[in-house]
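Engineer: Got a predicted structure here, sequence first:
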Protein chains: 2
Amino acid sequence: MSQLSESTEMYLKAMVELGLNEIVSISRLAERLGVTPVSANEMVRRLGDQGLLTHTPYKGVALTKKGREAACNVVRRQRLWEVFLYEHLHIEWAKLYELACSLEHATAPELTEALATFLGDPKFCPRGNPIPAVDGSFLPLNGKTLSATQVGETLKVLAVNATATDVLKYLQERNVLPGRELTVLEAAPLQGPLTLKVGDKDVALGLSLAEFVIVK
Amino acid sequence: MSQLSESTEMYLKAMVELGLNEIVSISRLAERLGVTPVSANEMVRRLGDQGLLTHTPYKGVALTKKGREAACNVVRRQRLWEVFLYEHLHIEWAKLYELACSLEHATAPELTEALATFLGDPKFCPRGNPIPAVDGSFLPLNGKTLSATQVGETLKVLAVNATATDVLKYLQERNVLPGRELTVLEAAPLQGPLTLKVGDKDVALGLSLAEFVIVK
DNA sequence: TGGAATAATAAGGTTTACCATAACATTTTA
DNA sequence: TAAAATGTTATGGTAAACCTTATTATTCCA
């Protein structure tokens, strides 16, 4: 199993975050990674050459079996570090992803497993997302995105799927965090924002933000 | 203060490991870093442009004040991670440097200080080397290299200054580790190896290896 | 003091992962 | 079904940090 480059790991991670079994368009992938579609196209070809994913022109990109395994491994490292940073170093919730991301790239397999043991083999990261086991399996989240809910529903936040620090900060400041309850008060028309009741505060949340929030 | 590249950090670290106030020849630097002297020359010019070190042609390289500060910071991160890996993840002693090295490059300042606090602000790494404080100060080792000792002396190992995993493994297997006592039984002529008594075993140690061992 | 060893510089090459611009292909939608 | 939107490919360019080979400069030592 060859070593993956940092960039490769980012692409794999993005594929998991956009849905492990989804077919993802190159433009969506590019947007998530903050690169141009042309660059993403190039890179996808390279990952394809390595057998990590398949690209059907004009349709999108999907992970292969090999890619899915590699990706779960990367995500495992990422989320284990998030747990360590949160629980032991008391790093601010919104910064966890970014800081753990750098460490992830620098983590040898033997280190990953030692870390997992140290942490007590946690099953979820502080953002509420499952941590894949060594074999790639993980506990699924039985939820839906907040953007797909009805007005009036009271829901519990299961996980936040965002990664950008500013997005996470926004949610943190409004208490849209795993474990919290919220009620959907209103959905503005024409793809407008949702109005939520979180605790005793009203929170306005754009639909694209609401897609990052998994609730039940 | 701009972010330093991984390569820059390696050069700075090497400068500290070869002696914080020494003038180091480019070839020695190149050897330590496993690059050709031509490459080291190029890179030294770049670090010189950044004001991190000064190069006197045909003499050698020295850290500037700015370079020394940056270097101590890098070394601080490196050695804090070594402590974490050793004490909490129980990683094998000989592998600490290499594994901590990767993590070091990926560590933001806020992370470094959170880690230091978590570890209880340790003053020495598991190889016995001092951990610089935030301000760059550190407790000096009042020792000498094992290669500069007399036959018959009984000494205590203060630190091991090596970084290559195979060198560290060699020393680990022979119990030449910080805290251990040893006696110099013999020094072979013509730069030949030392024979040591470590515990109840005799150990042969080449002079260049002995230079990595700081004793008192 | 002259030759060997060491050091520096010059020139050109490699890889990875991006970028921009432009041209062309396909799909969507109006 | 045609135009707009989206996706793909081609071409050429950048930066960092290495590499090799060759030439030139300096220092060391006998």
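Structural biologist: Nice, I can see it.

Engineer: Could I get the full set of strands for chain A?
Structural biologist: A:53-56, A:60-63, A:144-145, A:154-160, A:181-187, A:194-198, A:201-205, A:213-215 (DSSP state E).

Engineer: which one of these lies closest to DNA strand C?
Structural biologist: Distance to DNA strand C, taken as C-beta to the nearest atom of the strand, is lowest for strand A:53-56 among these, at 8.8 Å. All C-beta spots, glycine's among them, are computed from the backbone N, C-alpha and C.

Engineer: What strands flank the closest one, and is each parallel or antiparallel?
Structural biologist: Next to strand A:53-56 in the sheet, as set by DSSP bridges, lie strand A:60-63 (antiparallel).

Engineer: List of residues touching stretch A:181-199?
Structural biologist: Contacts with stretch A:181-199, where a contact means C-beta atoms under 8 Å, 6 or more residues apart in numbering or on different chains, come from A:146-147, A:149-157, A:174-176, A:180, A:202-207, A:210, A:215.

Engineer: And stretch A:17-24, by the same measure?
Structural biologist: By C-beta under 8 Å, 6+ apart, the list of residues contacting stretch A:17-24 from outside reads A:15, A:28-29, A:32, A:56, A:59-63, A:68, A:71, A:161, A:163.

Engineer: swap the cut-off to 7 Å and go again
Structural biologist: A:15, A:28, A:32, A:59-62, A:68, A:161, A:163 (C-beta atoms under 7 Å, 6 or more residues apart in numbering or on different chains).

Engineer: try stretch A:79-89
Structural biologist: Applying C-beta under 7 Å, 6+ apart, the contact partners of stretch A:79-89 are A:91, A:93, A:96-97, A:99-100, A:103-104, A:112, A:115-116, A:119, A:122, A:125-127, A:129, A:131, B:111, B:114-115, B:118.

Engineer: Next, the buried residues of stretch A:156-164.
Structural biologist: The neighbour-count check on stretch A:156-164 (16 or more other C-beta atoms under 10 Å in any protein chain shown) flags A:157-163 as buried.

Engineer: rewinding a little: just the buried residues of the contacts of stretch A:181-199.
Structural biologist: A:146-147, A:149, A:155, A:157, A:174, A:176, A:180, A:203, A:205, A:207, A:210, A:215.

Engineer: what's the lowest-mean-pLDDT helix or strand in chain A packed up against?
Structural biologist: Within chain A, no helix or strand scores below helix A:207-210, which has a mean of 88 by mean pLDDT, DSSP states H and E. Packed against helix A:207-210, as judged by 3 or more C-beta pairs under 7 Å, 6 or more residues apart in numbering or on different chains; DSSP states H and E, are no other helices or strands.

Engineer: switch the cut-off to 8 Å
Structural biologist: Here helix A:207-210 touches helix A:165-173, going by 3 or more C-beta pairs under 8 Å, 6 or more residues apart in numbering or on different chains; DSSP states H and E.

Engineer: Tell me how far stretch A:74-81 lies from the chain's centre.
Structural biologist: 11 Å (C-alpha atoms, centre = their mean, to the nearest Å).

Engineer: Could you confirm whether the top helix by length along chain A reaches DNA strand C?
Structural biologist: Assignment by DSSP state H gives helix A:65-87 as the longest helix of chain A. No. Taking C-beta under 7 Å from any atom of the strand as the criterion, helix A:65-87 and DNA strand C are apart, separated by no less than 13.2 Å.

Engineer: tell me the angle that helix makes with helix B:65-87.
Structural biologist: Orientation of helix A:65-87 against helix B:65-87 (axes from the mean of the first three to the mean of the last three C-alpha atoms, to 10 degrees) gives an angle of 100 degrees.

Engineer: one step back: can you narrow the contacts of stretch A:79-89 down to the ones near DNA strand D?
Structural biologist: Of those, not one also sits near DNA strand D (C-beta under 7 Å from any atom of the strand).

Engineer: Could you list the domains of chain A?
Structural biologist: Domain assignment for chain A by automatic domain parsing gives A:6-67, A:144-215.

Engineer: now these in CSV, with distance to DNA strand D?
Structural biologist: Shown next, in CSV, are these (distance: least, C-beta to the nearest atom of the strand, whole Å):
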stretch, distance to DNA strand D
domain A:6-67, 3
domain A:144-215, 14
